[in-house]
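Peer 1: Generate coordinates for the sequence data below:
(one chain, ligands or ions: 1)
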Amino acid sequence: MKQIPGGFGARGIEGKIKACKYARENNKPFLGICLGMQCAATEFARNVCKIDGATSTEFWEEQNSDNLEGTPPAKELTPEQKIVITMLEHSGGDMGGTMRLGRRATEFLTTDCILYDLYGKNQSIEERHRHRYEINPAVVPKLTAAGLRFVGMGVDQTKNNGNISVSSIALLKIAREAIKDGEQGFINKVKKLCERGEETNTAVRMEMVELKDHPYFVGVQYHPEYTSHPLSPSPPFLGLILASSGQLQSFLDKTRVPSPVNLFHDVESTTKPTKFHYLPSAGNSSASLLTLNDNSKHHSSGADLKVPGLRQQPSPPGSENKPPVFTITEDHS
Ligand SMILES: NC(=O)CC[C@H](N)C(=O)O
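Peer 2: Below you'll find the predicted structure:
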């Protein structure tokens, strides 16, 4: 299993790119987050699409920084080599506010991908962001046709006077169109969105990639770790752990629904209930935490926990001020 986290600058990049190559070629479960997804796309462009010198302008500028002060760099990157570029809307200089931050929506372009299933088959999802560079939409159709599938995109939904802009509505419509001709239809849709994004001057952002014919090779531009919780693990991480422990297919086929408790404590072969308390975190109903701390004063009915096999135990007399006890029992029949 390989996980390449986010990061900034050119340091260690060639090693990260080698790790992507290793995971891709050896069918090792892989999750690339933010910079990790950018490295995965760069590696694929270099070694599968044979784009020699493919890189990110972030790395290239740093590697050529001596030249940035006065003399122009000896050699410019060709348009095709620019796999990752500065986001146009944020390239206004060094005045701050140059990052794309916070919660943004991602539209699934196809239902034929693992992330769609892992995210509960929703048309769009929201995740939090923190980046300055992005995959260049101009190279995306080529990468997708070669098997690095851009299955989820963000279309700019900036509101003007409370309304989503007309160009965003047009892009959303394309993103939600049903796919008719299988994989070719999907590739055409990706192409159309990338082209229309340029034409309308509305951002089309690459948010999710999945490699075709690989057990689990996933990249996300956003940061799924920001919203992950023990009883509600972030789908891309859950997928990575399921794939690494050989349980992804049975999870997707619904032949086995592992509970998070089992995933983390490897109690697959036991039917003995696991005991724990539930401590809701303030102000966020979807956040939940496992705790064995009897002194906790925060109680919850636990009804909002969608955990298979979860039962609240009857409280013994005199324990009214204690947190409720829950058990999880897995049905292994
Ligand atoms: N958070 C990150 O991994 C950032 C990735 C990359 N340095 C960018 O700014 O786009």
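
Peer 1: so what's the residue of the stretch 151-300 of the chain found nearest the ligand scoring on pLDDT?
Peer 2: Residue nearest to the ligand within the stretch 151-300 of the chain: residue 223 (6.7 Å; C-beta to the nearest ligand atom). Every C-beta, even on glycine, is put in place using the N, C-alpha and C of the backbone. Model confidence at residue 223, expressed as pLDDT, equals 96.

Peer 1: I figured residue 222 was touching residue 36, is that so?
Peer 2: No - Residue 222 lies out of contact with residue 36 (C-beta atoms under 8 Å); the separation is 11.5 Å.

Peer 1: Same drill for the two, tell me which one is more crowded.
Peer 2: Taking other C-beta atoms under 10 Å, residue 222 and residue 36 do not tie; residue 222 has more neighbours (28 against 23).

Peer 1: Which secondary structure state does that one sit in?
Peer 2: What DSSP: H, G, I helix; E, B strand; the rest coil gives for residue 222 is coil.

Peer 1: Ramachandran coordinates for it?
Peer 2: In terms of degrees, to the nearest 10, the main-chain angles of residue 222 are phi -80, psi -180.

Peer 1: Might you report the residue contacts of the residue in the stretch 1-150 of the chain that the ligand sits nearest to?
Peer 2: Closest approach between the stretch 1-150 of the chain and the ligand, counting by C-beta to the nearest ligand atom: residue 6, at 2.6 Å. Listed by C-beta atoms under 8 Å, 6 or more residues apart in numbering, the contact partners of residue 6 are 33-36, 130-131, 223.

Peer 1: how about the residues of the protein that lie near the ligand?
Peer 2: Taking C-beta under 6 Å from any ligand atom as the contact definition, the chain meets the ligand at 6-8, 34-35, 58, 130-133.

Peer 1: Among those, which are located in strands?
Peer 2: Within the residues of the chain next to the ligand, residues falling in strands by DSSP state E are 130-131, 133.

Peer 1: just checking, residue 54 touches residue 45?
Peer 2: Yes - using C-beta under 8 Å, residue 54 makes contact with residue 45 at a distance of 3.8 Å.

Peer 1: overlap in contacts of those two?
Peer 2: In contact with both residue 54 and residue 45: residue 83, using C-beta under 8 Å, 6+ apart.

Peer 1: Pick out whichever of those two has more residues nearby.
Peer 2: For residue 54 versus residue 45, neighbours defined as other C-beta under 10 Å are more numerous around residue 45 (27 against 24).

Peer 1: got the buried residues for the one helix or strand that one maps to?
Peer 2: Residue 45 is part of helix 35-47, with elements assigned from DSSP states H and E. Residues 35-46 are the ones in helix 35-47 that count as buried (16 or more other C-beta atoms under 10 Å).

Peer 1: what does stretch 100-114 give?
Peer 2: Here stretch 100-114 shows 100, 104-110, 112-114 as buried, counting by 16+ other C-beta under 10 Å.

Peer 1: again with stretch 177-193
Peer 2: 179, 186-191, 193.

Peer 1: again, but for stretch 210-218
Peer 2: Buried residues in stretch 210-218 (16+ other C-beta under 10 Å): 210-211, 214, 216-218.

Peer 1: neighbouring contacts of that stretch?
Peer 2: 23-24, 27, 29-32, 40, 44, 113-115, 147-149, 151, 208-209, 219, 236, 239-240, 242-244, 248.

Peer 1: swap in stretch 40-53?
Peer 2: 4, 17, 20-21, 24, 30, 32, 54-56, 77-78, 80-81, 83-84, 135, 139, 142-143, 146-148, 206, 209, 211, 217, 219.

Peer 1: Repeat the analysis, applying 6 Å as the threshold.
Peer 2: Contacts of stretch 40-53 from elsewhere in the structure, counted by C-beta atoms under 6 Å, 6 or more residues apart in numbering, are 17, 20-21, 32, 54, 80-81, 83, 135, 142-143, 146, 148, 219.

Peer 1: now those residues: which count as buried?
Peer 2: Buried subset of the contacts of stretch 40-53 (neighbour count, 16+ other C-beta under 10 Å): 17, 20-21, 32, 54, 80-81, 83, 135, 143, 148, 219.

Peer 1: Can you flag which of the residues you listed belong to helices?
Peer 2: 17, 20-21, 143 (DSSP state H).

Peer 1: Just the mean pLDDT for stretch 183-199, thanks.
Peer 2: 91.
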